[in-house]
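>>> Could you work out the structure for the sequence below:
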Amino acid sequence: PYTTLFRSRDDRPDLVFPGCWTTFGGSVEAGETPEEAMHRELLEEIELDLPVKLWKTIEFTIERDGQVLKGDGYIYVAPIEKAEDEIVLHEGQALGYFALADLTKLKIGFGFESVFREIFAALADGSLKIER
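Presented below is the predicted three-dimensional model:
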């Protein structure tokens, strides 16, 4: 079965979805494209320069402290050919490879469970191919 690398966010009260499993990434900074931001975030968070491919753009809504934040999310995919213990984690408290069957056991942040399920389905039916 296919596996995907997720990280568990730090368990800090100042973060949205503390301690939840999610993807790597973050905000697009001024003057950056979403793809440039993804490359920067991967280098900052796990020291990997990967050949990312935009898979999907989503709209998201997050409520925190009575504020509603809306925005666009860019979902990138990339091949990773390193074992968990070979990856240096700088942001988050843990990382791991998980399969579709593992999703029900994880506390997933940002409402991404449906996105993760879509990725696994697209990998299984061949509509998503991740080039190595």
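>>> and the residue positioned nearest the centre of the chain, what pLDDT?
Residue closest to the average C-alpha location in the chain (C-alpha atoms, centre = their mean): T23, at 1.5 Å. pLDDT recorded at T23 is 94.
>>> and if you look at G71?
According to the model, G71 scores 84 on pLDDT.
>>> so where do the strands sit in the protein?
Assigned by DSSP state E, the chain shows strands spanning 3-8, 21-22, 53-64, 67-77, 94-99.
>>> So for I108, which of those strands sits nearest?
Closest to I108 of those, according to C-beta to C-beta: strand 21-22, at 5.2 Å. All C-beta spots, glycine's among them, are computed from the backbone N, C-alpha and C.
>>> which residues touch that closest one?
Here strand 21-22 makes contact (C-beta atoms under 8 Å, 6 or more residues apart in numbering) with F6, R7, S8, R9, F98, L106, K107, I108, G109, F110, F112.
>>> got it, and stretch 26-44?
24-25, 45, 48-50, 52, 54, 74, 76, 78, 90-91.
>>> quick one: which of these sit in helices?
Cross-referencing those against helices under DSSP state H gives E45.
>>> Make TSV out of the contacts of stretch 26-44 and add neighbour count and distance to E35.
As requested, the contacts of stretch 26-44 are exported to TSV (neighbours: other C-beta atoms under 10 Å; distance: C-beta to C-beta, whole Å):
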residue	neighbour count	distance to E35
F24	21	14
G25	19	11
E45	19	16
L48	17	15
D49	9	12
L50	17	11
V52	18	6
L54	12	7
Y74	17	8
Y76	21	7
A78	19	11
H90	9	20
E91	14	19
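>>> Closest one to E84 out of the contacts of stretch 26-44, please.
L48 (12.5 Å).
>>> And for that closest one, nearest residue in space, chain neighbours not counted?
L42 (5.3 Å; C-beta to C-beta, 6 or more residues apart in numbering).
>>> Can you get me a residue count around the one you found?
L42 has 20 neighbours, counted by other C-beta atoms under 10 Å.
>>> List just the nearest of the contacts of strand 21-22 to E63.
Using C-beta to C-beta, F110 is the member of the contacts of strand 21-22 that lies nearest E63, at 11.7 Å.
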